Structures are given as structure tokens and as C-alpha cells.
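Asker: Structure for this input, please:
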Amino acid sequence: MGKSRLLRVRSMRLIMPKKLNFMLCLALLVINIVSVGVHAKTYKIATDVQANGTAGRLLSEFAQNVQRRTNERVKFKIFHGGVLGDQLQYFQHVQRGVVDICLINSASLESVIPAIGVMNMPYLFRSAEEYKEVMTNGDFRRALFDFSTKHRFAFLGFLSSDFRSIYSTKPIRTIADLKGQRLRTISSQTYIDMLTRFGAVPSVLPFGELYSAMQQGVVDGAEGGIAGLYEARFSEIAKYVVLTEHTRLTDFVLSSVQFQNQISPGDLKIVNQEFEKISLKSIAYADAKESEYKQRAMDESGVQFFEVDKTPLMKAVEPMYQKALEDEEKSRLLNAILTIEKRKL
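Answerer: Residues are numbered from 1 along each chain as shown. Have a look, this model is predicted:
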């Protein structure tokens with residue numbers, strides 16, 4: 001064999017293993033990418049909130065954390081601002097498996113599952129600590145699970161709002177001043193009954209119509225959160241707030257049964273862990289925002305806030321509890337909550 005040929009053979013022997021190793025690594029990389037691609041999926045989240053609002057930002061944080069921890073096996077596309085319909089419309093899509101996750105408040109859910117109306121009971125939660133204790137309790141979550149299985153969905157978690165009080169364009173400083181006040185409320189029979197027992201005249205109106213309704217005298221005011229009073233600029237015309245702190249509206253985050261079954265048990269565990277963090281964060285955030293916006297409403301708009309003795313209001317709504325205890329499904333959920341709170345009627 002010639003010298004030049006011998007050198008070429010030796011050179012090939014040195015190069016071939018390197019090429020082989022490179023090709024083998026490349027093949028493994030391709031197989032890994034394909035394998036991840038097969039199992040990766042983008043799921044739909046439907047909300048009627050804006051992307052830059054508190055709930056919108058918390059949902060985005062949840063989606064990003066899950067995507068990172070699952071190495072992009074689980075991704076979410078969030079449809080904000082009611083693009084996929086109102087709460088009841090996209091809730092039905094979740095039940096059918098067309099939408100994977102949705103945000104729906106306890107008032108809207110009450111219209112579909114009356115027993116959830118218990119969550120809207122006035123003075124069911126009397127402090128942020130009590131609310132947190134109930135919402136994170138295993139027995140409470142199991143009670144909710146009973147409702148979800150009957151209605152073809154699963155509870156994933158919750159987002160908390162601040163406590164709701166009553167604000168008005170007319171002077172109100174005491175509980176007695178609530179009598180005859182025309183107050184906007186959400187579409188919930190529980191809220192309507194509550195305001196009636198407070199002596200007010202409830203009026204169901206879309207949230208987006210409230211500013212003009214107060215301007216035109218259609219309603220005198222509303223019941224709602226202090227953060228909402230400031231963020232929606234109601235403080236420009238509603239200068240009086242009685243701190244009744246009667247309810248704490250909850251936004252539930254629900255998932256379809258199909259979503260629960262499609263992702264692996266390990267990834268589902270990550271999803272649940274990440275939303276538990278977001279739920280707890282929402283409570284702290286709501287309380288901080290309430291305090292901040294209350295001060296801003298006073299400083300920037302001259303809104304006056306009045307502390308009141310809530311005892312007469314609590315007495316006024318006691319018949320609502322008695323009625324709930326007569327309903328089998330409502331009583332089961334109500335008793336579970338009262339047990340956690342170590343309270344009796």
C-alpha cells in the first residue's frame with residue numbers, strides 16, 4: 001500500500017468515530033425533540049377579565065410557571081376580555097371539553113349550581129384569615145369536588161377579591177342610612193336577598209353600566225369592593241362608603257374533565273401546585289390593594305369612609321342561613337365551612 005493511501009486510511013479511521021458520535025448525538029436530539037413535541041400541547045384558558053388587571057396578571061404568571069416547570073409540555077393560551085363569551089357561556093364550553101380552564105365568579109356559578117350560593121352568604125367570612133383557612137382546607141375542597149363531578153368539571157383553584165362594602169352618591173354614614181337606597185348588585189339571588197334585608201332596594205345592572213347609572217340617578221350607589229370603587233373611577237361620583245364588609249366574592253378557576261385526564265399525573269401535580277401558590281398570592285394581593293386604594297380614594301377624590309357596628313346586619317341575614325340549612329346540598333357545604341371556622345349559628 002502506498003504511503004499516501006495509508007495516510008488516508010488512518011485519517012478516515014480517526015474521523016469516522018467523530019462523525020459517528022456527532023450523528024448519534026444529532027439523532028438522539030431529534031428523537032428527544034420529537035418525543036417532547038408529541039406530548040406537548042397548548043390548552044385554552046377563558047376569562048372575561050383584562051390581561052393587565054390583577055386576575056389577568058396572576059393567570060399569566062400561573063401559565064408561565066407551569067410551562068417552565070413542565071419543560072413546555074403544558075402550555076396555555078389565555079383568551080382575555082370575554083373573547084370566548086361571558087362567564088356562563090365559556091363555563092358550558094368547559095363542561096363540554098371545548099375550553100380547558102375558565103374563570104367564573106361565585107355569583108355566576110350560583111345561577112348554575114344553587115348550592116354554591118352558600119359562598120355568597122353575607123358574613124360567612126369575617127376576616128381575611130378566616131377566608132384563607134376555609135379556602136385552603138382539604139375538607140372544603142372535597143365538598144366542592146362533590147359538586148364538580150355532578151356538573152362535569154373540576155375545581156382547580158380560586159382568585160380572591162377584597163371585602164365588599166356599600167358606596168353611594170348620597171350621604172350615608174350609618175346602617176340606618178341604607179334604608180331605601182337604590183343599590184346596584186350582581187345577578188345573584190343571595191346578594192338580592194341580602195340587600196333587601198339591609199333595608200336597601202337592590203337593582204341588578206351590568207358592571208359596565210354602573211358609572212352612568214349613578215351619574216343619571218338610576219341608582220344611588222352599589223355594593224362592591226373598595227379596589228373596584230377606585231379602579232373603575234366610581235370614587236369620582238360616589239363619595240360616601242359604609243364599611244359593611246358583607247361578603248368576599250370568589251373567582252373560581254375551573255378545568256374540564258378532559259384536561260384533567262389528558263395531562264400526565266406528574267404534570268397535573270405541577271398545575272395544582274402552581275395554582276395553589278397563585279390562590280394564596282391573590283388573598284395577600286387583594287388585602288394590600290384594598291388598603292392602598294382606600295387611601296387613594298380619600299386623598300384623590302375626597303371619599304369618606306365610615307366604620308359601622310355590623311351586628312345588626314348579621315342579625316338581619318340570619319334567616320338566610322336558616323333557609324340554607326333546610327336545603328340538603330347547601331347545608332352540607334355550609335356546615336363544612338362553619339365547622340372549619342369553629343362557628344355555630
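
Asker: My read is that residue 115 contacts residue 336, right?
Answerer: No. Contact criterion Cβ atoms under 8 Å: residue 115 and residue 336 do not qualify, at 11.3 Å. C-beta: built from backbone N, CA, C; applies to glycine.

Asker: the more surrounded of these two?
Answerer: Legend: neighbour count by other Cβ atoms under 10 Å for residue 115 and residue 336, higher for residue 115 (22 against 19).

Asker: got a list of contacts for the helix or strand where residue 145 lies?
Answerer: Secondary-structure element containing residue 145, defined by DSSP states H and E: helix 138-150. Residues outside helix 138-150 that contact it (Cβ atoms under 8 Å, 6 or more residues apart in numbering) are 113, 115-116, 134, 154-155, 254, 329, 332-333, 336-337, 339-340.

Asker: Out of those, which end up buried?
Answerer: Among these, those classed as buried by 16 or more other Cβ atoms under 10 Å are 115, 116, 134, 154, 254, 329, 333, 336, 337, 340.

Asker: ok, which stretches of the stretch 151-300 of the chain are strands?
Answerer: Using DSSP state E, counting those that start in this stretch, the strands of the stretch 151-300 of the chain run over 154-160, 164-168, 182-185, 201-204, 221-225, 240-247, 250-255.

Asker: how about the helices of the stretch 151-300 of the chain, start to end?
Answerer: For the stretch 151-300 of the chain, the helices defined by DSSP state H, counting those that start in this stretch cover 189-197, 210-215, 226-231, 257-262, 265-301.

Asker: Specify the stretch among these that is closest to residue 237.
Answerer: helix 210-215 (5.4 Å; Cβ to Cβ).

Asker: Residues touching the closest one, excluding its own?
Answerer: By Cβ under 8 Å, 6+ apart, the list of residues contacting helix 210-215 reads 169, 184, 205, 218-222, 232-234, 237-238.

Asker: in that helix, what counts as buried?
Answerer: 210, 213, 214.

Asker: now the strands of the stretch 151-300 of the chain in CSV, with mean pLDDT and distance to residue 62?
Answerer: What follows is these, written out as CSV (pLDDT from 0 to 100; distance: least, Cβ to Cβ, whole Å):
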stretch, mean pLDDT, distance to residue 62
strand 154-160, 93, 8
strand 164-168, 98, 25
strand 182-185, 97, 30
strand 201-204, 97, 31
strand 221-225, 97, 22
strand 240-247, 98, 25
strand 250-255, 94, 9
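
Asker: looking at these, which is closest to residue 319?
Answerer: It is, among the strands of the stretch 151-300 of the chain and with distance given as Cβ to Cβ, strand 240-247, at 15.3 Å.

Asker: Among the buried ones among the contacts of helix 138-150, which are located in helices?
Answerer: Among the buried ones among the contacts of helix 138-150, DSSP state H puts 134, 329, 333, 336, 337, 340 in helices.

Asker: Pretty sure the first one sits against residue 341.
Answerer: Yes. With contact defined as Cβ under 8 Å, residue 134 reaches residue 341; the gap is 6.6 Å.

Asker: how's the protein carved up into domains?
Answerer: 41-113+151-161+250-287, 164-248+299-341 (automatic domain parsing).

Asker: Next, format those as a markdown table and append distance to residue 130.
Answerer: As requested, the domains of the chain are exported to a markdown table (distance: least, Cβ to Cβ, whole Å):
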| stretch | distance to residue 130 |
| --- | --- |
| domain 41-113+151-161+250-287 | 11 |
| domain 164-248+299-341 | 6 |
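
Asker: do you know which of those lies nearest residue 122?
Answerer: domain 164-248+299-341 (4.4 Å).

Asker: Ends of that closest one, what's the gap?
Answerer: 20 Å (Cα to Cα, to the nearest Å).

Asker: Check stretch 145-159 too.
Answerer: Stretch 145-159 end-to-end distance (Cα to Cα) = 17 Å.
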